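Novice: I need the structure of the sequence given here:
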Amino acid sequence: MYPRRAQFEPDLPKHRVMITRVLIRLTKDLIPPKVSSEAYQIDIDVKGLVCIDAFSHNGAIHALDTLAQAFYVHSRSKQPYTPLAPLEIKDAPFFEHRGLNLDISRNWILPVDVLRTIEAMGFNKLNRLHLHASDSQSWPLEIPSLPTLAKEGAYREDQVWTAKDLEKVQLHGVYHGVEVYLEIDMPGHTSAIFHAFPDLITAYDQRPWDKYAAEPPSGQLRLDSPDVKSFLETLLGDLLPRIHDFSERFHLGGDELNREAYALDPTVRSSNMEVIKPLLQKFFDHVVGLVEAVGMTPYVWQEMLLDWDLKFPKTTVFQAWRPGALPLILAKNHLALFGASTSWYLDTGHGTFLDPLPSNPSSPIKPPYPDWCPPYKNWRQILDYDPLADIPKNKRHLVLGGEVHLWGELTDSVNLDSMLWPRAAAAAEMMWRGKGEVCEGTTRRLAEMRERLVGLGVRAGVVQMEWGLRNRGGCVL
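Specialist: Have a look, this model is predicted:
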């Protein structure tokens, strides 16, 4: 933006150079794959010829998005123009895995809103959408071979992602350079299964809930039940072959397992870690084997490796969410994703979903009413996150990338866009470029991206007040 009534656009000469041709070449010669399979090069010459060289389908998509972002709409002619040509760009990402973890289970998120999210992700060069597809509160995902699972486990029968919905979302991701992969959290965070299969769950909705779960309602898969084993074989046998057409990854969860729940499990009858651990190892050996049997890579939250010290194949990717967890995963020579809750949780700082219990004088829900997992993470804090700061150079090759997280306790389809954008764009920049610089130039660049997202129909939050954008340097302190 520019000061009021300032002349900032080029004049409109009669003989303008127009883009006459866009040539896209997928090549293995100009862009070595060791740089990145998503690397690309754009050349716009003085005659209006655009040449794009890319090593892969996704690289070509990124190049086309960058090309679109070089153009503006002229206020008088309403035609697109660029002040940047002739132009040469050579670009490649710093991290290969640049993701968003989106919770679609705790509140209802419509598939159509995820389609829009994918478009915005692609425009920002995020390339992985991790759908946290089930949790304790609801099971919104249709599994055709287990029809009662979503029918009983979803909040309502019309709040269900059908198999066709999921396929459409994954296919849309292909068109925008975003691989959509799923998480079915287990064995914790599974109490929604109780509504269709009560005999598979232990400690369902026990009170007080905080003794048995991180969030209400409590309930976990029974750990050594042959019926649970059969259920998971049917579930994954239905789901994995369908989603494998679009993704090579599958997330098995594994976070926030509650030991007290297993004292009520008739197949365990103990909260002792030494009793639970071998049963937990057996459980994950089984489900990891099911994932690997169809040629997919298992992803697991950090706890199964760090808290329980379970053994996993070296191909397993561990997702770090607690601060300080990333170097501990790498010390065990496992592949990892970053995304610390203290830096990259987008849902926090918005109050809490908990109410005060009148009979509990020590309830934390009282003035000044603290936020859930505070504080709010603004876009500068997100961009300033440096996951490699304490990682030795000889371990950095194990860091595949990261994910910014939007959990769903206080997010639904209505406020989805503003919860994500523009903060997710700041995370995208950090993952594409490496640790970002926070300065006025960054503010202006992010503000422009915000306007482009709004033009795509995304109701993104505001980056800077208009006066500050129109008066360069005016909001510097």
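
Novice: Next, find the distance separating P13 from G48.
Specialist: P13 sits 14 Å away from G48, going by C-beta to C-beta, to the nearest Å. (Each C-beta comes from the backbone N, C-alpha and C, glycine too.)

Novice: Ok, L26 next?
Specialist: Separation of L26 from G48 (C-beta to C-beta): 22 Å.

Novice: now the protein, which segments are flagged as low pLDDT?
Specialist: 1-2, 4-8, 30-34 (pLDDT under 70).

Novice: Map the structural domains onto the sequence of it.
Specialist: Following the assignment in automatic domain parsing, the chain carries domains at 21-91, 97-470.

Novice: Comparing those domains, which comes out most buried?
Specialist: Greatest average neighbour count among the domains of the chain goes to domain 97-470 (a mean of 18), per mean count of other C-beta atoms under 10 Å.

Novice: Quick check: which of the domains of the chain is nearest to E9?
Specialist: domain 21-91 (5.9 Å; C-beta to C-beta).

Novice: so where do the helices sit in the stretch 151-300 of the chain?
Specialist: Applying DSSP state H, counting those that start in this stretch to the stretch 151-300 of the chain gives helices spanning 163-175, 209-212, 226-243, 273-293.

Novice: Please convert the ones you listed to a markdown table, extending it with distance to T315.
Specialist: A markdown table is the format used below for the helices of the stretch 151-300 of the chain (distance: least, C-beta to C-beta, whole Å):
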| stretch | distance to T315 |
| --- | --- |
| helix 163-175 | 22 |
| helix 209-212 | 33 |
| helix 226-243 | 16 |
| helix 273-293 | 8 |
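
Novice: for L84, what are its contacts?
Specialist: Neighbour list for L84: I44, A70 [criterion: C-beta atoms under 8 Å, 6 or more residues apart in numbering].

Novice: That one and R444: what is the separation?
Specialist: Taking C-beta to C-beta, one finds L84 at 16 Å from R444.

Novice: Please produce CSV containing the domains of the chain, extended by distance to E9.
Specialist: As requested, the domains of the chain are exported to CSV (distance: least, C-beta to C-beta, whole Å):
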stretch, distance to E9
domain 21-91, 6
domain 97-470, 15
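
Novice: between those domains, which gets nearest to P3?
Specialist: Nearest to P3, of all the domains of the chain, is domain 97-470, at 5.3 Å by C-beta to C-beta.

Novice: so what's the residue nearest to the spatial centre of the chain bridging to?
Specialist: Most central in the chain under C-alpha atoms, centre = their mean is L100, positioned 1.6 Å from the mean C-alpha point. Beta-bridge partners of L100, counted by DSSP bridges, are L129, V404.

Novice: Please verify my assumption that it contacts E403.
Specialist: Yes: between L100 and E403 there is a contact at 6.2 Å, judged by C-beta atoms under 8 Å.

Novice: anything in contact with each of the two?
Specialist: In contact with both L100 and E403: R128, H130, using C-beta under 8 Å, 6+ apart.

Novice: Would you mind confirming that E88 is in contact with Y40?
Specialist: No: assessed by C-beta under 8 Å, E88 is found out of contact with Y40, at 11.8 Å.

Novice: name the element L149 belongs to?
Specialist: Using DSSP states H and E, L149 sits within helix 147-153.

Novice: so what's the nearest residue to L49 once chain neighbours are set aside up against?
Specialist: Distances taken as C-beta to C-beta, 6 or more residues apart in numbering place R21 nearest to L49, at 5.4 Å, with adjacent residues excluded. Shown in contact with R21 (C-beta under 8 Å, 6+ apart): G48, L49, V50.

Novice: and the first one, what is it in contact with?
Specialist: Shown in contact with G48 (C-beta under 8 Å, 6+ apart): V17, M18, I19, T20, R21, A85.

Novice: now do the last one
Specialist: With contacts taken as C-beta under 8 Å, 6+ apart, V50 has the following neighbours: I19, R21, V22, L23, I42, D43, I44, L67.

Novice: Then it would be within a strand, right?
Specialist: Yes: remark: V50 belongs to a strand, assigned using DSSP: H, G, I helix; E, B strand; the rest coil.

Novice: How is the closest residue to it other than its chain neighbours assigned, secondary-structure-wise?
Specialist: Spatially, and ignoring its direct neighbours in sequence, V50 is nearest to V22 (4.4 Å; C-beta to C-beta, 6+ apart). Look at V22: counting by three-state DSSP, its state is strand.

Novice: got it, and the one 3 residues further on?
Specialist: Secondary structure, three-state DSSP: R25 is strand.

Novice: Report the beta-bridge partners for the nearest residue to it once chain neighbours are set aside.
Specialist: Leaving aside its chain neighbours, R25 sits nearest to D53 (5.2 Å; criterion: C-beta to C-beta, 6+ apart). D53 has these beta-bridge partners by DSSP bridges: R25, Q41.

Novice: Would you agree D53 is in contact with Y40?
Specialist: Yes: look at D53 against Y40 with C-beta under 8 Å: they come within range, at 6.7 Å.

Novice: still on that earlier bit, mind giving me CSV with the contacts of R21 and columns for distance to P3?
Specialist: As requested, these are exported to CSV (distance: C-beta to C-beta, whole Å):
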residue, distance to P3
G48, 32
L49, 36
V50, 33
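
Novice: residue contacts, Y72?
Specialist: Here Y72 is in contact with E9, P80, Y81, T82, P83 (C-beta under 8 Å, 6+ apart).

Novice: Roughly how far does the nearest residue to the second one once chain neighbours are set aside sit from M121?
Specialist: Spelled out, it's P80. In space, and not counting its chain neighbours, P80 is closest to F71: 4.4 Å by C-beta to C-beta, 6+ apart. Plainly put, F71 is 21 Å away from M121 if you go by C-beta to C-beta.

Novice: Please name the bridge partners of Y81.
Specialist: Bridge pairing for Y81 (DSSP bridges) gives the partners Y72.

Novice: List the residues that contact it.
Specialist: Counting by C-beta under 8 Å, 6+ apart, Y81 has contacts E9, P10, R16, F71, Y72, H74.
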